[in-house]
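Visitor: this one's structure only:
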């Protein structure tokens, strides 16, 4: 492989050129042997693009594997193994080729002279700002192994929360799809078979029956309008999600949706508090910690609240003062944060608060699940029952007129 480099020699003169090597680490070693101090080193663009195209399908590393890798690296670094060597060791045991490729690439950058945090920052798809900032703090304080262990614990907790939320959402989504499918079958297949009989008898049809006859006719004879509307709605929602105004609307709806809104609000708050606790305890600057807490919340309203708090903290306020009166933050939470700031034990208090909110999330998920089940059964029964009643009412009326 060919690598482009810029470097300085012993006298400080700038040098630039290309060097052939099997890897970036080998290229950097060759340049150092020639007495050059590497400034930048990168694979030639054409070759790098080809390598990226070949590796694109390989680098599919699940979140669970990143958590596992972080935990393994924590153990090895705590045992005194150099980070690049630890990466090579974990990569050699990885089953997923994407994981091996990712870890070997990071090891190449570290061996070429990058700091660990800088090497990880080259792969934002797998290592977000929170991860990189915590690693940077660990490097600065000499506690990289401890920081990796904290990251593994935090990521595992987030993964478990995410799985619980997804599990709580599966039932209502399945029930909704079943309701839509059953209703469509009744309106598109069963109802059209009864309509000719009603029309032939020329009986006075009830209002629900006439309304559903109209819907059934539209569904069977003009189905493409429904399909186009569904595609347009989906496209509009997906497009809106990429726009600031769309994110605000959708995130507001998620926070205020019945039953699920309370649960999702606690999930966002729990994620923010856990990240804030971890970053503050790791020694990350407060302003950066507040911004990271907003970024991981997954909701633009929480993100704006934390960013606004960061600006007010810059102006001299404490965190609990900056968030005071905000509807997204319970007064009891602000009181606990205030006590932590007042006693100088903010990190410890935030850790306890994040643990407490994790338990609240678990309870909120259980509560939402217990309420969703009867609600969805009631809605599904109401919709299908209405359709069935609209079909049976004319039959009852017809039977009465014949009698």
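Guide: That came through, no problem. Everything numeric in this text was worked out from a predicted model, so none of it was measured. Numbering: from 1, shown residues only.
Visitor: And the lowest mean pLDDT element among the helices and strands of this protein?
Guide: In the chain, the helix or strand scored least confidently by mean pLDDT, DSSP states H and E is helix 45-56, which has a mean of 44.
Visitor: Quick one: name whatever helix or strand follows it.
Guide: Following helix 45-56 in sequence order, the next helix or strand is helix 63-78 (DSSP states H and E).
Visitor: In that next one, which residues are buried?
Guide: Residues of helix 63-78 classed as buried: 65-74, 76-77 (neighbour count, 16 or more other CB atoms under 10 Å). For every residue, glycine as well, the C-beta is placed using N, CA and C.
Visitor: Tell me the helices and strands packed up against the helix or strand containing residue 161.
Guide: Under the criterion of DSSP H and E, residue 161 resides in helix 144-185. Judged by 3 or more CB pairs under 8 Å, 6 or more residues apart in numbering; DSSP states H and E, the packing partners of helix 144-185 are helix 63-78, helix 129-141, helix 260-282, helix 346-402.
Visitor: Can you tell me which of the ones you listed is packed in deepest?
Guide: helix 260-282 (a mean of 23; mean count of other CB atoms under 10 Å).
Visitor: Name the surrounding residues that touch the helix or strand that that helix is followed by.
Guide: Per DSSP H and E, helix 260-282 leads on to helix 286-296 as the next helix or strand towards the C-terminus. Defining contact as CB atoms under 8 Å, 6 or more residues apart in numbering, one finds that helix 286-296 is touched by 128-130, 133, 271-273, 275-276, 279-280, 284, 302-307, 309-310, 313-314, 319.
Visitor: so where does the residue nearest the centre of the chain fall, helix or strand?
Guide: Nearest to the geometric centre of the chain sits residue 298, at 6.5 Å (CA atoms, centre = their mean). Residue 298 belongs to no helix or strand when assigned by DSSP H and E.
Visitor: quick one: contacts for it?
Guide: Contacts of residue 298 by CB under 8 Å, 6+ apart are 267-268, 271.
Visitor: my read is residue 81 is in a strand, agree?
Guide: No. Read with DSSP: H, G, I helix; E, B strand; the rest coil, residue 81 is coil and lies in no strand.
Visitor: Could you measure from it over to residue 211?
Guide: Note on residue 81: its distance to residue 211, by CB to CB, to the nearest Å, is 72 Å.
Visitor: Equivalent analysis for residue 17, please.
Guide: 78 Å.
Visitor: what do you get for residue 316?
Guide: When residue 316 is compared with residue 211 (using CB to CB), they lie 63 Å apart.
Visitor: before we move on, what about residue 379?
Guide: Distance from residue 379 to residue 211, by CB to CB: 19 Å.
Visitor: cool, residue 94 as well?
Guide: As judged by CB to CB, residue 94 and residue 211 stand 60 Å apart.
Visitor: neighbour count winner among the two?
Guide: residue 94 (19 against 13; other CB atoms under 10 Å).
Visitor: Nearest residue to residue 395 in space, please, no chain neighbours.
Guide: Leaving aside its chain neighbours, residue 395 sits nearest to residue 194 (7.9 Å; criterion: CB to CB, 6 or more residues apart in numbering).
Visitor: Tell me which residues of the helix or strand containing that neighbour come out buried.
Guide: According to DSSP H and E, residue 194 maps onto helix 191-201. Buried residues in helix 191-201, counted by 16+ other CB under 10 Å: 191, 194-195, 198.
Visitor: by contact count, what packs against that helix?
Guide: helix 207-221, helix 346-402.
Visitor: for those, which one sits closest to residue 40?
Guide: Across the helices and strands packed on helix 191-201, residue 40 has its closest neighbour in helix 346-402 (37.7 Å, CB to CB).
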